[in-house]
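> Got a predicted structure plus its sequence, pasted below:
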Amino acid sequence: MNKTIVALAICLCGVMASAQTTIEVSLEEARVIATRAFLAGDTDTALQIAQGLLQANPDDRAALVIVAAAADPATGRKAGARAWALSETDAQRYEAARLTALAYAREERFTLATFWLRRALTVAPTDDETARTTQDAAQLVRLNPWSNAISFALVPSNNVNGGADDDILTAPGLPDGTLSPDAQALAGIRAVLGVRTQYRLSQSAEQRTTVALSYQGSRVRLEDSAAAAGVSGRAFATDAADVTLGHDRALDSGSMSARLTFGTYDFGRKDYYDFQRLTLGRALPLTDATSLQVVATQERQTYAQTNIGTIDRTALRGTLAHRLNSRDRISATLTYTHSEGDSVNYSYDDWSLEGSYAWADPFGPVTLAIGGGVKWSDYPDYVLIFPVDGGREDLTFFYSMNMGFNDLTYAGFTPGLQISGNVADSNISRFTRNTVSVGLTLNSNF
């Protein structure tokens, strides 16, 4: 008798036929017996047979799948990962990925479990399985004390630097001048990467406390005409990093939140300013379909450049949101900002009013949301070497359209397209501009 079959027969003897000394079966028959035992709920028998099969062939995929499903979590996740590597079809990979995720979840290693569910999503056989796996991943995110998010955008624009429409500088009460090339609108592409990790320090039915670390960086590639003028995209690179301590609490009606943030912002690959920010929020349901959110922010910015110094900024924002019978959502936001700085050019007041509309149902494969608004800014003591008569006043109209392409979702990440722009008119020509950007985005669904 083949030694492989003898060894398997001994395993089967102790499990299934105590009155016999041996049971001679082929490897394929043993796989069938193990599978049937597992499906019948006899996991001990299934696991012992699978372990016997693996003694005969460590790369027996069918046995690895049973071990992944029935063994302890540490053994199961190793077996599931090996089964994934040995899989030859998408259906096999999907099965292995979900079993590996389950083993990690049983160990409460939710981040790695979510990673394996993302792998499962890349080979999900049906739309129902895709929805099921996405829901499972969202549930793991809720259970996980760690939450991680990553986003990416590639944004071509006719004005990546917020420059003026032309090279002539005009301002009330001052002679005309000429703007440098880097102060004029420059076309190019901005790439933006955002990463955030958050840990839940405590949670109950009434409250949650978290600490989060965030980074967002952007790099700019200018068109050749800008390079010919001696301007480098490096001058417009940005890096921002911050750590935030947050607390949310449920109230009898609605909720409240508090955030304390410390961060730094670099511009042109150089230190620009450090900041501290306190944010308080209150969410209040007005009806079953309508809610009000009020947010107050106090921020201090300390610039590396001594001629700018310190800026204290206070902002108040109120948002009224309503869900229509169609499940579409409409909202309106009013914001007031007051800034006081050591430099008069950073002391201003501005008001903005914006609205948005998001459709609940997609248009074919596309989800859609639109928004727009207006902002008025007043710098009463603005200086361009000499004081500007009447200070600086800006009026800006802005708009945006966001589209998501759910049919192109991959591994839980959905691509999108964002079209945005603004038209700004100012009594100082340096701040009169017309900007249009088209951004390609990639965001996580959970």
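Perfect, I can see it now.
> remind me which residues of the stretch 51-200 of the chain are low pLDDT?
Low-confidence segments of the stretch 51-200 of the chain, defined by pLDDT under 70, are absent.
> ranges for the strands of it?
Listed in chain order, the strands of the stretch 51-200 of the chain (DSSP state E, counting those that start in this stretch) span 146-157, 168-171, 174-178, 188-203.
> got the contact list for T133?
R98, L117, A120, L121, A124 (Cβ atoms under 8 Å, 6 or more residues apart in numbering). Every C-beta, even on glycine, is put in place using the N, C-alpha and C of the backbone.
> Pop the domain breakdown of this protein in here.
1-71, 146-444 (automatic domain parsing).
> Which of the strands of the stretch 51-200 of the chain sits closest to T441?
Relative to T441, the nearest member of the strands of the stretch 51-200 of the chain by Cβ to Cβ is strand 146-157, separated by 4.6 Å.
> between the closest one and strand 188-203, how big is the angle?
Strand 146-157 and strand 188-203 are oriented at 160 degrees to each other (axes from the mean of the first three to the mean of the last three Cα atoms, to 10 degrees).
> can you list contacts of strand 146-157?
110-111, 141, 187-200, 418, 435-444.
> so the host helix or strand of D239 versus strand 188-203, what angle?
Assigned by DSSP states H and E, D239 belongs to strand 238-250. With the same axes, to 10 degrees defining the directions, strand 238-250 sits at 30 degrees from strand 188-203.
> What lies in contact with strand 238-250?
Contacts for strand 238-250 (Cβ under 8 Å, 6+ apart): 205-218, 255-267, 269, 275.
> Show the buried residues in those.
For these, a burial check counting by 16 or more other Cβ atoms under 10 Å picks out 208-210, 212, 214, 216, 218, 255-257, 259, 261, 263, 265-266, 275.
> Let me know how buried the residue lying closest to F110 once chain neighbours are set aside is, in neighbour terms.
Among residues not flanking F110 along the chain, N144 sits closest, at 3.5 Å (Cβ to Cβ, 6 or more residues apart in numbering). Residues contacting N144 under the criterion other Cβ atoms under 10 Å number 19.
> and N144, what is it in contact with?
Contacts for N144 (Cβ under 8 Å, 6+ apart) come out as F110, T111, T114.
> for those residues, which one is nearest Y104?
F110 (7.5 Å).
> roughly how far apart are that closest one and A138?
From F110 across to A138, the span is 12 Å (Cβ to Cβ, to the nearest Å).
> Which one of the two is surrounded by more residues?
Between F110 and A138, counted using other Cβ under 10 Å, the more crowded position is F110 (21 against 15).
> if I read this right, that one contacts W116, doesn't it?
No - taking contacts as Cβ atoms under 8 Å, F110 lies outside contact range of W116: 10.8 Å.
> So which residues of the stretch 51-200 of the chain form helices?
Here the stretch 51-200 of the chain has its helices, by DSSP state H, counting those that start in this stretch, at 61-70, 73-86, 90-106, 110-121, 127-143.
> What residues does S420 make contact with?
S420 neighbours (Cβ under 8 Å, 6+ apart): F398, Y399, S400, M401, V436, S437, G439.
> Bridged to it, which residues?
S400, S437 (DSSP bridges).
> How about the one 5 residues further on?
In this structure, D425 has beta-bridge partners L395, where bridges are defined by DSSP bridges.
> Quick check: which of the strands of the stretch 51-200 of the chain is nearest to D381?
So among the strands of the stretch 51-200 of the chain, strand 168-171 is nearest, using Cβ to Cβ, at 13.3 Å.
> and that closest one, what does it pack onto?
Applying 3 or more Cβ pairs under 8 Å, 6 or more residues apart in numbering; DSSP states H and E, one finds that strand 168-171 makes contact with strand 174-178.
> wait, A113 sits on Q139?
No - in this structure, A113 is not within contact of Q139 by Cβ under 8 Å, at 10.2 Å.
> And these two? Which one has more around it.
A113 (25 against 15).
> Just send the contacts of T133 back as CSV, with neighbour count too.
Listed next are the contacts of T133 as CSV, based on neighbours: other Cβ atoms under 10 Å:
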residue, neighbour count
R98, 23
L117, 29
A120, 28
L121, 21
A124, 21
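> All the strands of the stretch 301-446 of the chain, residue numbers only.
Counting by DSSP E, counting those that start in this stretch, the strands of the stretch 301-446 of the chain are 310-323, 329-341, 348-358, 366-379, 383-384, 386-387, 392-405, 413-426, 433-444.
> Would you format those as JSON lines with mean pLDDT included?
Output for these, formatted as JSON lines (pLDDT from 0 to 100):
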{"stretch": "strand 310-323", "mean pLDDT": "98"}
{"stretch": "strand 329-341", "mean pLDDT": "98"}
{"stretch": "strand 348-358", "mean pLDDT": "98"}
{"stretch": "strand 366-379", "mean pLDDT": "97"}
{"stretch": "strand 383-384", "mean pLDDT": "94"}
{"stretch": "strand 386-387", "mean pLDDT": "94"}
{"stretch": "strand 392-405", "mean pLDDT": "97"}
{"stretch": "strand 413-426", "mean pLDDT": "95"}
{"stretch": "strand 433-444", "mean pLDDT": "92"}
